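>>> Structure, please.
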Amino acid sequence: MINDKIKSPKTTSLNYGFTFNENVGVRVKGDVKIEFINGEERELVLEKTNIYTLDGGVLAGMLFSGVSRPINMLAVGIGAGGLSNSPDIADNRQRRINSELERKTFSSVVYRDTLGAVSSVPTNVVDFTTVFENTEAVGALTEMGLLSTVDANPVNTTPLQDVNGLVVFPNRDTTLDLGNFDVLVNYLTFPVINKPSGSVLAITWRLTF
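Numbers count the residues shown, from 1 in each chain. The predicted structure is shown next:
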């Protein structure tokens, strides 16, 4: 399970020269816990650290400059590259879910203190929890991500695509205005998790800033 005791995120030095590296900036640690729920019983099926994307850094810049674009949904998909039981490692250049199956708003958003307890005030540790019910996200799941979406309705999607309608990866056009697209903030690939109809899947994504 996600460790209740919060570790302090590593700090990074900033370059104050005239050239900037996209990898230098906000450092976000992400930990994901996935559980099947059967009544009062919970079965842990995955616990893994995720990738904070380069587009996530752009979103942070937007937020810090006053543009209101919160992280508001979790999306799951079936399109991780590689073998289903050994998918390709997530890449921070990823810009969308490869083959999105379903997205959903969070069931809860909870702040945590340094000991892992629920905090009544904002902290740098946030748990985003999403619960996919019996008929939701049914399939062979291999990828997921946290999104900041253009539209608050999960049915209306605006994934980032290139001019030919293909996924923009691994190439990145940094001249695009991400304000016009759903931004993939964190991305994770994992060995296939088969979610049958009739099962409930709970995903908790903890971000430490």
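>>> As a check, name the ranges of all helices in this protein.
Using DSSP state H, the helices of the chain run over 54-64.
>>> now it, which segments are flagged as low pLDDT?
1-27, 163-167 (pLDDT under 70).
>>> Pick out the residue nearest the middle of it.
With distances taken as CA atoms, centre = their mean, the chain has Leu146 as the residue nearest its mean C-alpha position (2.6 Å).
>>> Contacts only, for that one.
Residues in contact with Leu146 (CB atoms under 8 Å, 6 or more residues apart in numbering) are Gly30, Ile71, Met73, Leu74, Phe128, Leu184, Val185, Asn186, Trp205, Leu207. (Glycine included, C-beta is placed from N, CA and C.)
>>> buried residues in the longest strand seen in the chain?
Identified as the longest strand of the chain according to DSSP state E is strand 183-195. By neighbour count on 16 or more other CB atoms under 10 Å, the buried set for strand 183-195 is Val183, Leu184, Val185, Asn186, Tyr187, Leu188, Thr189, Phe190, Val192, Ile193, Lys195.
>>> show me what contacts the residue lying closest to the second one once chain neighbours are set aside?
It refers to Leu184. The shortest distance from Leu184 to any non-neighbouring residue, by CB to CB, 6 or more residues apart in numbering, is to Gly145 (4.9 Å). Taking CB under 8 Å, 6+ apart, we find Gly145 in contact with Leu74, Ala75, Gln94, Arg96, Ile97, Leu184, Val185, Asn186, Tyr187, Leu188.
>>> Could you list everything Gly145 pairs with in the sheet?
Ala75, Tyr187 (DSSP bridges).
>>> ok, Pro87 to Pro70 distance?
Using CB to CB, to the nearest Å, we find Pro87 at a distance of 28 Å from Pro70.
>>> what about those two, which has more around it?
Between Pro87 and Pro70, counting by other CB atoms under 10 Å, Pro87 is the more crowded of the two (18 against 11).
>>> what's the span of stretch 59-79 from first residue to last?
End-to-end distance of stretch 59-79 (CA to CA, to the nearest Å): 24 Å.
>>> what does stretch 91-99 give?
16 Å.
>>> List the buried residues for that stretch?
For stretch 91-99, by 16+ other CB under 10 Å, it's Arg93, Gln94, Arg95, Arg96, Ile97, Asn98.
>>> thought the third one was touching Arg172?
Yes: applying CB atoms under 8 Å as the test, Arg95 and Arg172 come out as touching, 6.9 Å apart.
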